[in-house]
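Undergrad: below are the sequence and a predicted model; questions follow.
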Amino acid sequence: MNFKVGDKVVVIAGSSKGKEGKITKTLRRENRVIVEGVNLVKKHVKGNGQESGGILEVEAPIHASNVMMIDPKTKKRTRIGHTVDKNNKKIRISKKSNEKLD
């Protein structure tokens with residue numbers, strides 16, 4: 001998976017298509033990401049002694065293939081590429097503008 005926590009992404013498929021947000025969590029084994037404000041579902045929570053129960057809206061995971069990075073230069077969606085810098089360190093780049101991501 002090419003995504004990291006804090007990346008700005010746009011949803012390209014599903015009921016939340018077109019929405020933008022930051023990645024708050026990555027689930028690498030399931031190849032899914034959680035994006036803030038996207039794919040909201042209602043969760044019924046039972047109350048306990050300290051907190052009251054109710055119906056909460058939480059962000060559900062979305063498959064990584066349904067999101068794309070937002071290019072920092074052009075502000076449009078882009079693919080992610082990899083290259084090696086002068087210190088032989090692998091870095092992520094934007095395919096549209098060849099801008100370094102991170």
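TA: Done, it's in.

Undergrad: what's the burial count for residue 66?
TA: 18 (other C-beta atoms under 10 Å). In short, each C-beta sits where N, CA and C put it, glycine included.

Undergrad: tell me how far it lies from residue 38.
TA: Noted for residue 66: a distance of 10 Å to residue 38, by C-beta to C-beta, to the nearest Å.

Undergrad: how about stretch 81-100: buried residues?
TA: 92, 93, 94 (16 or more other C-beta atoms under 10 Å).

Undergrad: picking up where we left off before, shared neighbours of residue 66 and residue 38, anything?
TA: Counting by C-beta atoms under 8 Å, 6 or more residues apart in numbering, the contacts common to residue 66 and residue 38 are residue 11.

Undergrad: quick check: pLDDT value at the closest residue to residue 96 other than its chain neighbours.
TA: Spatial nearest neighbour of residue 96, chain neighbours left out: residue 78 (4.2 Å); criterion: C-beta to C-beta, 6 or more residues apart in numbering. Note for residue 78: predicted pLDDT of 96.

Undergrad: quick one: residue 78 from residue 14, how far?
TA: Applying C-beta to C-beta, the value for residue 78 to residue 14 is 19 Å.
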